[in-house]
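> Next comes the sequence, and after it the predicted model I'd like to discuss.
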Amino acid sequence: MTKTKTCCKCGVEKQVEEFHRAIWHTDGIMSRCKPCVNNENRNWYARNRERERARARELYSKYKVIRRITNRVSYRKRKERILEYRKSFIKNTKIQVISHYSQGLNKCALCDEKRLVCLTIDHIKGGGNKHRKEIKVASGTSFARWLIVNNFPEGYRILCMNCQFAEVDRLRKVKYHGEE
Ligand SMILES: [Zn+2]
Ligand SMILES: [Zn+2]
């Protein structure tokens with residue numbers, strides 16, 4: 001039974017205590033001495049660390065580009081969804097109000113205009129702007145919302161822009177000239 005072994009790395013004959021144990025070897029110890037193995041391990045970790053760092057750097061920059069793109073895409077998607085929701089909300093609100101005040105006919109009270117964009121909510125006795133100022137609600141969707149929230153108060157009808165314009169003119173003439 002030998003008490004010494006020659007390291008296959010540094011070629012120095014050393015005591016068996018100078019070698020790590022290795023059960024897979026016939027003599028039960030490694031072929032490289034402890035200092036050589038330690039040295040190798042240190043070098044391997046050093047090389048590995050460098051490689052790992054380089055890999056992390058590469059991944060990070062790659063991911064940065066991907067992240068920028070996905071952020072942009074999801075932001076656009078989100079924005080589109082919000083815009084779509086808002087558009088449908090505005091449309092639904094307007095349709096609800098128009099349907100109510102036109103008794104489901106969805107048209108102007110004075111002519112046959114049915115195009116949604118042309119239809120507007122008319123304060124029958126005039127003074128719509130003054131009233132909106134009183135209730136502190138802007139025209140358009142906010143006012144339509146106000147009508148829905150307040151359970152569709154009476155005194156409104158649906159007119160097209162042309163008929164409303166003519167009505168405003170008629171009311172003005174009645175008021176100042178007594179014309180009918
Ligand atoms: Zn050695
Ligand atoms: Zn009309």
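Received the coordinates, thanks. Ligands and ions are numbered 1, 2, ... in the order given.

> mind listing the helices for this structure?
Defined through DSSP state H, the helices belonging to the chain, from first to last, are 34-101, 128-134, 141-149, 161-177.

> rank the ones you listed by mean pLDDT and give me the bottom one.
By mean pLDDT, the lowest-scoring of the helices of the chain turns out to be helix 128-134, with a mean of 71.

> list the helices and strands that one packs on?
Taking 3 or more C-beta pairs under 8 Å, 6 or more residues apart in numbering; DSSP states H and E as the contact definition, the neighbouring helices and strands of helix 128-134 are strand 119-123. (Glycine included, C-beta is placed from N, CA and C.)

> So for ligand 1, which of the helices of the chain sits nearest?
Within the helices of the chain, the stretch nearest ligand 1 is helix 34-101; the backing value is 3.4 Å (C-beta to the ion).

> one step back: may I see the helices of the chain organised as CSV, with distance to ligand 2 and mean neighbour count added?
Formatted as CSV, those follow (distance: least, C-beta to the ion, whole Å; neighbours: other C-beta atoms under 10 Å):
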stretch, distance to ligand 2, mean neighbour count
helix 34-101, 13, 12
helix 128-134, 16, 13
helix 141-149, 19, 16
helix 161-177, 3, 13
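
> which residues are contacting stretch 53-61?
Applying C-beta atoms under 8 Å, 6 or more residues apart in numbering, stretch 53-61 turns out to have no external contacts.

> Dig out what the residue nearest to residue 113 when sequence neighbours are not counted forms beta bridges with.
Counting by C-beta to C-beta, 6 or more residues apart in numbering, residue 160 is the residue found nearest to residue 113 once chain neighbours are left out, at 3.6 Å. The bridge-partner assignment for residue 160, based on DSSP bridges, gives residue 119.

> for stretch 96-115, which positions count as buried?
Residues 97, 98, 100, 101, 102, 107, 108, 109, 110, 113 are the ones in stretch 96-115 that count as buried (16 or more other C-beta atoms under 10 Å).

> And the residue sitting nearest the centre point of the chain, how far from residue 144?
Central residue of the chain (C-alpha atoms, centre = their mean): residue 78, 3.1 Å from the mean position. Residue 78 sits 26 Å away from residue 144, going by C-beta to C-beta, to the nearest Å.
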